[in-house]
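A.B. asks: Got a sequence here, can you build the structure:
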Amino acid sequence: MKELFRSTDPVRISAATSLLESEGIRCFEMDQHMSALEGSIGILPRRVMVADRDLFMAQAILRDTGLDD
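C.D. replies: Residues are numbered from 1 along each chain as shown. Next comes the predicted model:
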């Protein structure tokens, strides 16, 4: 697994994972339960991971849609 991006914005993460899955790229959100340790204030970024073979295509999809900040 490779890290595609990390963010504290749940809307960006949701949009990106939905888009990738609609394109047939499986992704996995890591660190989503860390908010319980931080008091649910959203300061720790979550990571979106994809398979090694899907990294290039996933980066291109996010770049084309403007979600690659």
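A.B. asks: count of neighbours near Glu23?
C.D. replies: A total of 11 residues lie near Glu23 under the criterion other CB atoms under 10 Å. From N, CA and C alone the C-beta is placed, and that goes for glycine too.
A.B. asks: One more: Leu4?
C.D. replies: The local packing of Leu4 (other CB under 10 Å) involves 22 other residues.
A.B. asks: How about Val50?
C.D. replies: By the measure other CB under 10 Å, the count of residues near Val50 is 22.
A.B. asks: Need the three-state assignment for Arg6.
C.D. replies: For Arg6, the secondary structure call by DSSP: H, G, I helix; E, B strand; the rest coil comes out as strand.
A.B. asks: begin at 539 from here
C.D. replies: I'll keep to 539 as the first residue from here, and by that count the last item is Arg544.
A.B. asks: Just list the residues touching the nearest residue to it once chain neighbours are set aside, thanks.
C.D. replies: Nearest in space to Arg544, with sequence neighbours left out and distances taken as CB to CB, 6 or more residues apart in numbering, is Pro583 at 4.2 Å. Under the criterion of CB atoms under 8 Å, 6 or more residues apart in numbering, the neighbours of Pro583 are 544-546, 569.
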